[in-house]
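Trainee: The sequence and its predicted three-dimensional model are supplied below.
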Amino acid sequence: MESKDIRWQQRFQNFERALRSLEEALAIEQPDVVQRAGLIQFFEITFELAWKMLKDYLEEQGFTEVKSPRAVLKQAFEVELIGDGHQWLQGLQDRNLTAHTYNEETAVLVENLVRQTYYPLLSQLRQTFSQLQEQTNDE
């Protein structure tokens, strides 16, 4: 039996590695400025891989109009791959904000959002895609 090379599965492996790095950064309860910057960078990377993984999966499922991160997140919400579309779209905005500017006040705010809101979203996405991967492997 020939193994199919499925892009979303490759992206999922990278997403899991990035999420583990984010988890290591989140384990630091009182990060200094450098550690906080690293935490935010891991969030940016993980979020980027998350929407691209969703895009790859949606395209494999036949959705062709999912080119931008916003379109991907909206479609993923519609087909129930993600649960809280509004929080994901807010995460996209915050990821864009941190990727293009650095300000300590914003960094502290984003750190708290990552801890309280975005990490749980990303963690749930890992669970969803772990299940999808198991289903795909069983076929």
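Mentor: Perfect, thanks for sending it. Residues are numbered from 1 along each chain as shown.
Trainee: State the mean pLDDT of the host helix or strand of residue 23.
Mentor: Using DSSP states H and E, residue 23 sits in helix 7-26. Average pLDDT, helix 7-26: 97.
Trainee: pretty sure residue 9 contacts residue 130?
Mentor: No. Applying Cβ atoms under 8 Å, one finds residue 9 not in contact with residue 130, separated by 11.0 Å. Heads up, the C-betas are built off the backbone N, CA and C, glycines and all.
Trainee: Compare neighbour counts for the two and give me the winner.
Mentor: Neighbour tally, residue 9 and residue 130, criterion other Cβ atoms under 10 Å: the higher count belongs to residue 9, 18 against 12.
Trainee: What sits closest to that one if chain neighbours are left out?
Mentor: Leaving out its chain neighbours, the residue that sits closest to residue 9 by Cβ to Cβ, 6 or more residues apart in numbering is residue 133, at 6.1 Å.
Trainee: Tell me the pLDDT of that neighbour.
Mentor: The model's pLDDT for residue 133 equals 91.
Trainee: To what extent is it buried, counted in neighbours?
Mentor: Residues lying near residue 133 (other Cβ under 10 Å) number 16.
Trainee: cool, and residue 33?
Mentor: When neighbours are counted by other Cβ under 10 Å, residue 33 comes out with 10.
Trainee: which SS state does residue 64 fall under?
Mentor: Classification of residue 64 by DSSP: H, G, I helix; E, B strand; the rest coil places it in coil.
Trainee: ok, it to residue 106 distance?
Mentor: Distance, residue 64 to residue 106, by Cβ to Cβ, to the nearest Å: 36 Å.
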